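**Q** Attaching a predicted model along with its sequence, questions to come.
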Amino acid sequence: MNETSPLRITNYLVSILVIFVGTVFSFTTESILPFLIGFTGAALIITIYMNNTWDSRERISYFKNSLKEIKKNYCPHCGSYSPWWSEYCVNCGKELETEKIECQNCYSLNPSLSTYCGVCGKELGIKEQEEDEQEEEQEKKQTKQNKETREKIQECPECGYDFSLNVRKCPWCGYRIKK
């Protein structure tokens, strides 16, 4: 993008040459020379402006095109693609099936591909949510195991000590359990 083409250099040189010749021969005020000088100056300004802004326009269009290719939602109803932030299909208008991430700070729902909250700006904790889900699963497993072990434990009618169903005699007081 920073390369200078031979055409640009030629435009600059021709414009400078015309301005120089115009200033040298400016004593002929009644001729068409002042008009050409003004016209050439305007052309030089336009050329400089176009050369400076063309690169930024090119960069912006490249950026927009690259954004179009990234993060698209597929519509299962019509088969078209919509932007990642849209909740409805741009082609058929039906609601897209999108996952939402809840912000840990303000509890607002954000699109699944977001890294920052759209309301408060805090970074969304995808890892924190996954860890929370894993902890919940472990707690469920542990409570299930505790229920199973509670069912396998019996209480001694004599002293109240808890022990396994497999044992026929209380290990604390020695009371014999009848089955």
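**A** Great, that's in hand.
**Q** is the residue nearest to Lys100 when sequence neighbours are not counted in a bridge, and if so with what?
**A** Taking Cβ to Cβ, 6 or more residues apart in numbering, and ignoring the residues beside it in sequence, Lys100 has Leu109 as its nearest neighbour in space, at 4.1 Å. Yep, even glycine has a C-beta here, placed from its N, CA and C like the rest. On the basis of DSSP bridges, Leu109 is bridged to Glu102.
**Q** how close does Leu109 get to Ser164?
**A** Leu109 sits 48 Å away from Ser164, going by Cβ to Cβ, to the nearest Å.
**Q** With neighbour numbers in mind, choose between the two.
**A** Leu109 (15 against 10; other Cβ atoms under 10 Å).
**Q** was I right about that one contacting Cys117?
**A** No: no contact is recorded between Leu109 and Cys117 when judged using Cβ atoms under 8 Å, the distance being 9.6 Å.
**Q** Need the overlap of contacts for the two.
**A** Common neighbours of Leu109 and Cys117 (criterion: Cβ atoms under 8 Å, 6 or more residues apart in numbering): Cys103.
**Q** Per-residue pLDDT of Glu35, please?
**A** One correction, residue 35 is Phe, not Glu. In this model, Phe35 is scored at 65, pLDDT.
**Q** Hmm, I typed the wrong one, I wanted Asp55.
**A** Taking Asp55 on its own, its pLDDT is 57.
**Q** now do the one 4 residues further on
**A** Among the per-residue scores, Arg59 holds a pLDDT of 59.
**Q** Glu97 - how many residues pack around it?
**A** Neighbours of Glu97 under the rule other Cβ under 10 Å: 11.
**Q** what's the next secondary structure element after the one helix or strand in the chain whose mean pLDDT sits lowest?
**A** For the chain, using mean pLDDT, DSSP states H and E, the weakest element among its helices and strands is helix 33-69, scoring a mean of 63. Downstream of helix 33-69, the first helix or strand assigned by DSSP states H and E is strand 72-74.
**Q** Could you check the next helix or strand along the chain from that following strand and say which residues are buried?
**A** Counting by DSSP H and E, the element after strand 72-74 in chain order, helix or strand, is strand 81-83. Neighbour counts over strand 81-83 (16 or more other Cβ atoms under 10 Å) mark 81-82 as buried.
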